[in-house]
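Student: Compute the structure for the input listed below.
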Amino acid sequence: MSQRPEPLRLGSTAPNFDADTTNGPINFHEFIGDKWVILFSHPEDYTPVCTTELGAFAKLEPEFTKRGVKLIGLSANTVDSHGGWIKDIDEISGSSLKFPIIGDKERKVALAYDMLDHQDATNVDSKGIAFTIRSVFIIDPKKTIRTILSYPASTGRNTAEVLRIVDSLQTGDKHRVTTPINWVPG
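Tutor: Residues are numbered from 1 along each chain as shown. Coordinates of the predicted model:
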């Protein structure tokens, strides 16, 4: 297995990479441009929890867009697998998934962002290579990592909480304030 890179921390510059996605090839820093980005990973296509999570992100995409936030997903599956799966996501969730999903079969991006499951020996593919965990990176327009969330493969995320974190970060940046427990805009 490849050498693990230095750990990413809050305040780290988001590593740049080139990747194939369901919306075509990207350079990550060019994709970010002058927007906020949520880069999130899921363990595997066509699984129940991952399907509901991506459907939930797709349904909330208009809210993220209002806040100047782009979404981009990632897993160790191929772009072709993602493309077929998107149809299932839309049908099951009633969404219309438009954001790109990175195909990271070789785990290059997952390794750079430490998205691999090193503690669950059952979360591996047929070759014994670790699948990605449920990671969330909130990255600001300066390409600075502002939030890192890591969930085990067994635990689904709360997309409303991810949106709340974006609101908190943007409010804090704009008004130089901190937000208390359970804070929501309004």
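Student: From what I see, residue 75 and residue 47 are in contact.
Tutor: No: Residue 75 is beyond contact range of residue 47, at 9.7 Å (criterion: CB atoms under 8 Å). Bear in mind the C-beta positions are built from the backbone N, C-alpha and C, glycine included.
Student: more neighbours, the two?
Tutor: residue 75 (27 against 15; other CB atoms under 10 Å).
Student: check contacts around the more buried one.
Tutor: Residue 75 makes contact with 41-45, 50, 82, 101-104, 131-132, according to CB atoms under 8 Å, 6 or more residues apart in numbering.
Student: So residue 13 versus residue 59, what's the distance?
Tutor: Residue 13 sits at a distance of 31 Å from residue 59 (criterion: CB to CB, to the nearest Å).
Student: Please identify which of the two sits among more neighbours.
Tutor: Taking neighbours as other CB under 10 Å, residue 13 and residue 59 compare with residue 59 leading, 15 against 12.
Student: Going by neighbour count, list what's buried in stretch 66-85.
Tutor: Using 16 or more other CB atoms under 10 Å as the test for burial, stretch 66-85 gives 69-77, 79, 81-82, 85.
Student: One more: stretch 83-97?
Tutor: Those would be 85-86, 89-90, 93, 95, 97, for stretch 83-97 by 16+ other CB under 10 Å.
Student: Let me have it in CSV, keeping just the CA atoms, if that works.
Tutor: C-alpha atoms of stretch 83-97 as CSV (Å, rounded to 0.1, in the frame of the first residue of the first chain):
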residue,chain,number,x,y,z
GLY,A,83,-23.3,6.9,-14.1
GLY,A,84,-25.6,3.9,-13.9
TRP,A,85,-26.1,4.3,-10.2
ILE,A,86,-27.2,8.0,-10.5
LYS,A,87,-30.4,6.7,-12.3
ASP,A,88,-31.1,4.5,-9.2
ILE,A,89,-30.4,7.4,-6.8
ASP,A,90,-32.8,9.7,-8.7
GLU,A,91,-35.6,7.0,-8.9
ILE,A,92,-35.3,6.0,-5.3
SER,A,93,-34.9,9.5,-3.7
GLY,A,94,-37.0,11.5,-6.2
SER,A,95,-34.0,13.7,-6.7
SER,A,96,-32.1,14.9,-9.8
LEU,A,97,-28.4,14.4,-9.1
